[in-house]
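1. Model the following, please.
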Amino acid sequence: MSNKETFSADWLRQREPFDTVARDHAAERLRLSARLRAVRPDGGVPWRVIDLACGTGANLRWLAPRLVGEQEWLVVDHDAALLQRWPERLALDGDNANFHQPLAYSGTAFHARIVRQQTDLARQLHTLPWHAAHLVTASALLDLVSLDWLQQMVGHAAAARVALLFTLSVDGRHQWTPKDPQDATVARLFQAHQRRNKGFGPALGPEAIEACRGVMLAAGYRVFSAASDWRLDGRAQPNAAALQCALADGMAAAASEQDPASERSMTAWRDRRRANATASSLRVGHVDVLALPPTH
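-> Here you go, the predicted model:
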């Protein structure tokens, strides 16, 4: 994330359970474990992973057990407060883990040494140790960046022949049930707001996945993708209703900022969505992308 786009620890905590379920489904379709084994370092060398815009550690909590064994993570974010939440090590032996939240998956023992680094990714991307890494990963990042930034990032990765895994990039789909007459207007304004500059140049927003595939293929990568949608059923899960409310708040605020003349109708839409959260469902479109260097 850039200095202009900061997410609270509360928001990251609220979304993590739904991220986990969505990523689990995508991982099966991507054959993620098998394909990552193909690029696993040989000779007892630990996995070396760079986690871009790492937040509070959800990406590591989900991915480290799937990589298995010894690992070294460089976790990078511009937000010092979020980085302070990270431990120096994360290990899983049986069902015991030494991190702030439960691991998303506890099937295999692993040990990860963690190095925290405060970096402005918008301006200092080139300073990262690309050639030392085996895998570069990020979650919910690509829709915030520009095409120019994406091309730079993939260029660094391709030069280092490093694998890439980017998860939970939004693709613009918001499917509410039951529908509201203002859903389409909110979605249109919200998507326009997503394309504003988030600190990396004009953001790709819902076009991020298509752009990502194109840039990676042009760099010689083998590219695989799978849907990782959130499914928020407020009728079945109180935390799903709460996340619906949070999303309605954020979407209405962004839509009103994009078109100030619509503020009254956006506020009314938000209030209806909040009032109906325990009787409605929402599917939010995301996509996960795995890119393997051409030697594999």
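2. Below-threshold pLDDT in the stretch 1-150 of the chain: ranges please.
-> 1-7, 91-108 (pLDDT under 70).
3. Okay, helices next: where are they in it?
-> Using DSSP state H, counting those that start in this stretch, the helices found in the stretch 1-150 of the chain span residues 9-30, 32-37, 58-67, 80-83, 147-160.
4. distance between stretch 138-153 and the chain's centre?
-> 11 Å (CA atoms, centre = their mean, to the nearest Å).
5. Just the terminal-to-terminal distance for it.
-> By CA to CA, to the nearest Å, the extent of stretch 138-153 from end to end equals 12 Å.
6. Show me which residues of it are buried.
-> 138-147, 149-153 (16 or more other CB atoms under 10 Å). Quick note: C-beta positions are derived from backbone N, CA and C, even for glycine.
7. Return the closest of those residues with respect to residue 216.
-> Among those, residue 150 lies closest to residue 216 (CB to CB), at 9.1 Å.
8. Could you tell me how far the closest one is located from residue 144?
-> Relative to residue 144, residue 150 is positioned 10 Å away (CB to CB, to the nearest Å).
9. mind listing what residue 128 touches?
-> Shown in contact with residue 128 (CB atoms under 8 Å, 6 or more residues apart in numbering): 50, 74, 76, 119, 156.
10. So which of these sit within strands?
-> Among these, the ones falling in strands (DSSP state E) are 50, 74, 76.
11. possible to save these as JSON lines with distance to residue 128 and neighbour count?
-> Output for the ones in strands among the contacts of residue 128, formatted as JSON lines (distance: CB to CB, whole Å; neighbours: other CB atoms under 10 Å):
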{"residue": "50", "distance to residue 128": "6", "neighbour count": "24"}
{"residue": "74", "distance to residue 128": "7", "neighbour count": "21"}
{"residue": "76", "distance to residue 128": "7", "neighbour count": "24"}
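12. and of those residues, the nearest to residue 235?
-> Nearest to residue 235 out of these is residue 76 (CB to CB; 39.1 Å).
13. from what I can see the closest one touches residue 120, true?
-> No. If you go by CB atoms under 8 Å, residue 76 and residue 120 don't touch, sitting 9.7 Å apart.
14. which residues of the stretch 151-296 of the chain fall in helices?
-> Counting by DSSP H, counting those that start in this stretch, the helices of the stretch 151-296 of the chain are 183-194, 208-218, 238-258, 263-275.
15. among those helices, which is nearest residue 90?
-> Using CB to CB, the helices of the stretch 151-296 of the chain put helix 238-258 closest to residue 90, at 24.3 Å.
16. Which of the contacts of residue 128 sits closest to residue 238?
-> The closest of these to residue 238 turns out to be residue 76 (CB to CB; 34.0 Å).
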